[in-house]
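K.L.:
test case, fold it:
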Amino acid sequence: MNLTRRSATLAALIAAALMTAAQPALANQWISLDAASGDSSVTGHAELSVTRDHGGYRITGAVEAFRGCVELKAVNMHLGDYWGGDTITKTCKPNTRVPVDSWTHHGDVVLTALVDGGPDWDSRIVALHG
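P.N.:
I've put the predicted structure just below:
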C-alpha cells in the first residue's frame, strides 16, 4: 500500500471514530429500592435500570415481594413529598418477582409496602435522570 493510500485510509478511520465518539451515549441509572412495613409483615425489593426516552424515562428491571403487597410508583416530588403518581407494577404474591418495562413522564420512583388497615411504608424516593 503506498503512502497516499495509507494516509487516506487512516484519515477515514479517524473521521469515523470521531463521529462515533460525538454521538451521545445512552446513560443508564441503576436504582435499588427496599420497602418494609414497621413490623416487617410486608417486605419487597426493586432493581431498576433507567434511561432517557422520548422526553421521559424508560424503566426496566424487576420488583419482588417477599411478604405482602408492594407497589412501584412513578411520582413527582413537591415540597419534600409526592402527590399522586402512576402505578408501574404491583405484586401481592409472596416470593414473586415481576418484570418491569415501563415509560413515564414522572421524575421520581418509590417502592411502597402496602399494609392492610394500616399506614403504607415507602422506600427512599429516587429522582430519575437516566
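
K.L.:
only C-alpha atoms for contact and neighbour calcs from this point on.
P.N.:
OK.

K.L.:
the chain: helices as residue ranges?
P.N.:
Here the chain has its helices, by DSSP state H, at 3-22.

K.L.:
residue ranges with poor pLDDT in it?
P.N.:
Per-residue confidence for the chain (pLDDT under 70) gives these ranges: 1-26.

K.L.:
give me that answer again for 50
P.N.:
Low-confidence regions of the chain, defined by pLDDT under 50, span residues 20-23.

K.L.:
now the strands: where do they sit in it?
P.N.:
Remark: strands assigned in the chain by DSSP state E are 29-36, 43-53, 56-67, 69-78, 81-91, 96-104, 108-114, 121-122, 126-127.

K.L.:
dump the ones you listed to TSV, plus mean neighbour count.
P.N.:
Shown next, in TSV, are the strands of the chain (neighbours: other Cα atoms under 10 Å):
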stretch	mean neighbour count
strand 29-36	19
strand 43-53	21
strand 56-67	21
strand 69-78	22
strand 81-91	15
strand 96-104	17
strand 108-114	26
strand 121-122	18
strand 126-127	16
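
K.L.:
you'd agree residue 67 is up against residue 97?
P.N.:
No: at 11.7 Å, residue 67 does not count as touching residue 97 under the criterion of Cα atoms under 8 Å.

K.L.:
now residue 120. Nearest residue, chain neighbours left out?
P.N.:
residue 114 (4.9 Å; Cα to Cα, 6 or more residues apart in numbering).

K.L.:
before we move on, what about residue 32?
P.N.:
Computed as Cα to Cα, 6+ apart, the closest residue to residue 32 that is not its neighbour in sequence is residue 47, at 4.7 Å.

K.L.:
check residue 73 too.
P.N.:
In space, residue 73 is closest to residue 87, 4.5 Å off (Cα to Cα, 6+ apart).

K.L.:
that neighbour and residue 27: what is the separation?
P.N.:
24 Å (Cα to Cα, to the nearest Å).

K.L.:
kindly report the same for residue 42.
P.N.:
Computed as Cα to Cα, the residue 42 to residue 27 distance reads 33 Å.

K.L.:
neighbour-wise, which of those two wins?
P.N.:
For residue 42 versus residue 27, the count of surrounding residues by other Cα atoms under 10 Å is larger for residue 42: 24 against 12.
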